[in-house]
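> Requesting a structural model of the entry that follows:
(3 chains)
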Amino acid sequence: MDRIGMMEAIKALSTKRTNAMYLNDFFHTWQKTDDELAATFLVADILRSMRENNISSKVFDSGLAISLFRDNSTRTRFSFASACNLLGLEVQDLDEGKSQVAHGETVRETANMVSFMADVIGIRDDMYIGKGYTYMKEYSQSVYQGHLDGVLEQRPTLVNLQCDIDHPTQSMSDALHVINHFGGIENLRGKKIAMTWAYSPSYGKPLSVPQGIIGLFSRFGMEVSLAHPKGYEVMPEVEEVARLNAERSGGVFTKTNNMEEAFENADIVYPKSWAPFAAMEKRTDLYGKNDFEGIKTLEKELLAQNANHKDWECTEKLMSKTKEGKALYMHCLPADITGVSCKAGEVSAGVFDTYRTPLYKEASYKPYIIAAMIFLSKFKNPADKLKLLLERSTNRIF
Amino acid sequence: MDRIGMMEAIKALSTKRTNAMYLNDFFHTWQKTDDELAATFLVADILRSMRENNISSKVFDSGLAISLFRDNSTRTRFSFASACNLLGLEVQDLDEGKSQVAHGETVRETANMVSFMADVIGIRDDMYIGKGYTYMKEYSQSVYQGHLDGVLEQRPTLVNLQCDIDHPTQSMSDALHVINHFGGIENLRGKKIAMTWAYSPSYGKPLSVPQGIIGLFSRFGMEVSLAHPKGYEVMPEVEEVARLNAERSGGVFTKTNNMEEAFENADIVYPKSWAPFAAMEKRTDLYGKNDFEGIKTLEKELLAQNANHKDWECTEKLMSKTKEGKALYMHCLPADITGVSCKAGEVSAGVFDTYRTPLYKEASYKPYIIAAMIFLSKFKNPADKLKLLLERSTNRIF
Amino acid sequence: MDRIGMMEAIKALSTKRTNAMYLNDFFHTWQKTDDELAATFLVADILRSMRENNISSKVFDSGLAISLFRDNSTRTRFSFASACNLLGLEVQDLDEGKSQVAHGETVRETANMVSFMADVIGIRDDMYIGKGYTYMKEYSQSVYQGHLDGVLEQRPTLVNLQCDIDHPTQSMSDALHVINHFGGIENLRGKKIAMTWAYSPSYGKPLSVPQGIIGLFSRFGMEVSLAHPKGYEVMPEVEEVARLNAERSGGVFTKTNNMEEAFENADIVYPKSWAPFAAMEKRTDLYGKNDFEGIKTLEKELLAQNANHKDWECTEKLMSKTKEGKALYMHCLPADITGVSCKAGEVSAGVFDTYRTPLYKEASYKPYIIAAMIFLSKFKNPADKLKLLLERSTNRIF
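Numbers count the residues shown, from 1 in each chain, chains lettered A, B, ... in the order given. All right, here's what the predicted structure looks like:
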């Protein structure tokens, strides 16, 4: 977008109701209104255009963003760091290994102790069913209370960088990619997306990506087809969300145990491995009991179960079943690529290579989506602020 | 404070002699004059008010702060990071594991090599009696010399983030909490503080907190009562400091081996575990000799010794002995809470819960105290600079 | 330099052709023209003077620099962080342990995923012959392509923080130290530098320092004498570079197996240990085959081979052979100092102590050299930008 485009986007933004986002957290997309999601996409696009046009969007003269990663991460870690830097926040990582957190202190205490000057908290905690989101909520309530009590000068807002239920920074980036690919959110109506399981030689991959996708894409009037082998069910609560969303938006939410059926005439395919919800629940219980023998046994079972479905691979042949044989292939990366990163995996090397550039573009939206979430949680009148930034037009690079 | 309050505080600051703090380190509170401590409290309060009023106190356009933690830390690490960010400095952590420091280079060399653009150095080194402060002094002398020799463009000043002798960022934050709680430093005169040992199931906790408290609070005309079981003596040099301070300030410094006696009629209680000075000295020797068998034996002895004093717990019953039964309970956190973080600990869950909010507030002063120490070491005329910042009134958040 | 000196240096800079540095990487000094090297020295000196005069050279309002250290580092890590901070970039370290990189993703993918908002990438990868520079080139090509494809908003430029072939930030800092020590680049003509091997009780030290020195200092019309025991040859390609450089610049490149001969009448000596090129090649092969037994055997052999040359030590006696007995002693640090960091090493304690301050000054140029490399890769008209910065004269410290 050039300057005129940005001004138009800001005008569109000013028509969206975003009051409830102000000083609030971003947990699950289905907790947000259509206006709030639309505003997030708009702000992300505007911030991206500002950077492309060398206009600084630094809105914090100083300030901290606390990150807490309870699982390894490259993409999300760097996206969060990029988003914070773009707005003027410095990331301070809470490395639980280096801290005294292990000494048995409560979430409430840790949350307050690291947040004295924190404007934003980003948390990734996706490993255990029933734990990640619960932890985030407790953290958020703790700093909210800390602010009320006069301990914290500001209320730090929280961005869910992946929990056990949703992965909103991923699904929103994916959606913005699709929106821009198809030339507007209105063009998604009637399009078909296949969110399908795919084979991977590793086990225990989180459910938050497929859940995030069906929970969000069902809001755009699309046909959302969830496909997986029997036994790889996702959380029923999120299926219910997708069903309701589809109904309201004039779309359809369907389920199948046949990968080809899902690919049939699809405009978009998203083949990705995940663990069965029931197995993840079992694993959480075993960890709770410190039953390491049980965990080992479960791992073996799950890998064996996966191995029964090696045919769930996104191949050229399967791609040919999609709309005109050229559906948009998506993945949150890194993908398990057959013959490249593993013997047999989620996708053939040929398909992956064909879509490499769109895949990287898909990922490139994440920093802007995160920045937009932060922006909307910090400014009551986001459109006014963006207008002022555009008028100020400080060069990002001198 | 509002703008008028800040202006008054700045005026008060302008009457304090702070010349000797300029381009100097902050090691022990008893090396500082009353004016210098008063100035530190004033600057901390002003910086806090500026942040509350969305006024940026960023005084460094660029610049680095080096942190070196030789012991785990959450609170102090994040407080240091917050303080630096508030002033515009970026923290660069010297992680001795990741560096080549182990290759046998001298303190002088490391100090210079990491300080080319460092404005501030923060060090925590509290584990070994006779080592931490010695290390800090050597570091400071090295960078001072490096600046004289033209190696370093600036003289980095050092903030003691806890050594074997004092923990000034803790004791000063504690003091500022107490000052604000009682409505002014002058209101502390005649008040009684009980700095008492308390039982903990862990061993080898540093002495720097109790030493820091008796070395500082004895300057305010208070009755400072140090209580611990026999055998848990602190460093005699610091007791001597407390004795002299009390004499000069018109207060009293007393010692007892009876917890209840210390609590009797106290306005403030600070029950906290620490290791006996003599045992810490012995441990330092054993580490020096790499006598790991000896260390294990010593640990066992110390834990057994601790276990003789499980009755040194801050309970509701004990609290009822204090002034009107409602003394201010303090702790540097994390506390060993009976039935919460351990079976038997320093404080009952009931007492801890009652004082949770004041405890968090107590901790919340640390970033501002550290920022004030840095500020005073970098500006010859701190009052003038703060006045200019207030006149400039750049928004922290756009 | 004062303001007039800086203006003169900027004028000198404006006469240098630096177009090809714009949006380009800095890999090896011999890929750069004389003008480009001269410009780098000028910009480094100007940036240093600006800092000494409290003038901010912050040219990025926001922006990231990615660092990737595949070997431990103190000096280079802190120099890179300092350089980036000076210009306004925040360093984000790509810690391969904490990331998902191990999951088998390609260089191309990682490079793009961490570079969405990266202006600069700094990489140290010096361990394996034939690998480090290759990796850097692949990384650079990946982000170049990513920018063309619209994945990355900017083309991140790469700074080689040490590869298997060259160590340009070291050799350029060394050169700037020498230039300032002798009062100008023109005064180096005819001077003799002895780049000699020295004994160390450790093995496998990279070749990039001696290679960097002979590859760069041969451009100044100097006599460059490379000395090492038989069997400690460096890469023949780099010797060829030195030979050609010397020819073109009117200097000489000589080789000897006699340390004293190299020191004879030298103006500068640089005694430093390194591993034989052939052995490093062999080690790379063994690592490639995961032949850990072979690696252990090789280590033993190399240490035994080193031990045959304990007489290659820079002593007072040897220093007396140099020009008037007072050649400038150089080292990239940390040095193996006899009787200090090891029993027998590269240099006697006496020589090292005599030259401690010049050694620290030598190291102090690195942050500015790195900053200059970044500056020249980001601005088409570096002289104009520096002039504007000088006119702006924002205080670095308020």
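> Could you identify the longest helix within chain A?
In chain A, assigned by DSSP state H, the helix with the most residues is helix A:34-52.
> then that one to CSV, C-alphas only?
Provided in CSV are the C-alpha atoms of helix A:34-52 (Å, rounded to 0.1, in the frame of the first residue of the first chain):
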residue,chain,number,x,y,z
ASP,A,34,-15.8,-9.9,13.5
ASP,A,35,-14.9,-6.2,13.9
GLU,A,36,-12.0,-7.0,16.2
LEU,A,37,-10.6,-9.6,13.8
ALA,A,38,-11.0,-7.2,10.8
ALA,A,39,-9.3,-4.5,12.8
THR,A,40,-6.4,-6.8,13.5
PHE,A,41,-6.0,-7.6,9.8
LEU,A,42,-6.2,-3.9,8.9
VAL,A,43,-3.6,-2.8,11.5
ALA,A,44,-1.2,-5.6,10.5
ASP,A,45,-1.4,-4.5,6.8
ILE,A,46,-1.0,-0.8,7.7
LEU,A,47,2.0,-1.5,9.9
ARG,A,48,3.6,-3.6,7.2
SER,A,49,3.0,-0.9,4.6
MET,A,50,4.5,1.7,7.0
ARG,A,51,7.6,-0.4,7.3
GLU,A,52,7.9,-0.9,3.6
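> Pull the number of nearby residues for the closest residue to A:Gly339 other than its chain neighbours.
By the measure of CB to CB, 6 or more residues apart in numbering or on different chains, the closest residue to A:Gly339 outside its immediate chain neighbours is A:Ala349, 5.3 Å from it. Backbone N, C-alpha and C define where each C-beta goes, glycine included. For A:Ala349, the number of neighbouring residues by other CB atoms under 10 Å in any protein chain shown comes to 13.
> Would you confirm that A:Ala349 contacts A:Thr338?
Yes - here A:Ala349 reaches A:Thr338: they are 6.2 Å apart, a contact under CB atoms under 8 Å.
> So which bits of the longest helix of chain A are buried?
Taking 16 or more other CB atoms under 10 Å in any protein chain shown as the neighbour-count basis, helix A:34-52 is seen to contain the buried residues A:35-51.
> Those residues: which ones sit near chain C?
Restricting the buried residues of helix A:34-52 to those adjacent to chain C (criterion: CB under 8 Å from any CB of the partner chain) gives A:Arg48, A:Arg51.
> What is the longest helix of chain A packed up against?
Helices and strands touching helix A:34-52, as assessed by 3 or more CB pairs under 8 Å, 6 or more residues apart in numbering or on different chains; DSSP states H and E, comprise helix A:3-14, helix A:168-181, helix A:366-378, helix A:382-392.
> Next secondary structure element downstream of that helix?
The first helix or strand that comes after helix A:34-52 along the chain, using DSSP states H and E, is strand A:64-69.
> So which elements touch that following strand?
Strand A:64-69 makes packing contacts with helix A:75-87, strand A:90-93, strand A:118-124, helix B:75-87 when contacts are defined by 3+ CB pairs under 8 Å, 6+ apart.
> Mind giving me the packing neighbours of the second one?
Other elements packing on strand A:90-93 under the criterion 3+ CB pairs under 8 Å, 6+ apart are strand A:64-69, helix A:75-87, helix B:75-87.
> Low-confidence bits of the stretch 101-250 of chain A, can you list those?
In the prediction, the stretch 101-250 of chain A carries residues with pLDDT under 70 at positions A:101-104.
> Looking at it, what residue ends up closest to chain C?
A:Ser202 (8.3 Å; CB to the nearest CB).
> That residue: neighbouring residues, count only.
When neighbours are counted by other CB under 10 Å, A:Ser202 registers 15.
> Just want to check the distance between the single nearest residue of the stretch 201-350 of chain A relative to chain C and A:Leu359.
In the stretch 201-350 of chain A, the residue that lies nearest chain C is A:Ser341 (3.5 Å; CB to the nearest CB). The span separating A:Ser341 from A:Leu359 equals 14 Å under the rule CB to CB, to the nearest Å.
> of those two, who's got more company?
For A:Ser341 against A:Leu359, the residue with the higher neighbour count under other CB under 10 Å is A:Leu359, and the figures read 23 against 20.
> Find the nearest non-adjacent residue to that one, please.
Using CB to CB, 6+ apart and skipping residues adjacent in sequence, the residue nearest A:Leu359 is A:His331, 6.0 Å away.
> Just confirm the one you found contacts A:Lys272, I think it does.
Yes - taking contact to mean CB under 8 Å, the distance of 6.1 Å between A:His331 and A:Lys272 places them in contact.
> Can you pull the residues that touch both of those two?
Here A:His331 and A:Lys272 share the contacting residues A:Glu346, scored by CB atoms under 8 Å, 6 or more residues apart in numbering or on different chains.
> I figured A:Ile397 was touching C:Ser62, is that so?
No - taking contact to mean CB under 8 Å, the distance of 9.4 Å between A:Ile397 and C:Ser62 leaves them out of contact.
> So for these two, which sits in the more crowded spot?
Looking at A:Ile397 and C:Ser62 with other CB under 10 Å, you find the greater number of neighbours at C:Ser62, namely 24 against 17.
> next one: phi and psi at that one?
Comment: the main-chain dihedrals of C:Ser62 come out as phi -150, psi 170, following degrees, to the nearest 10.
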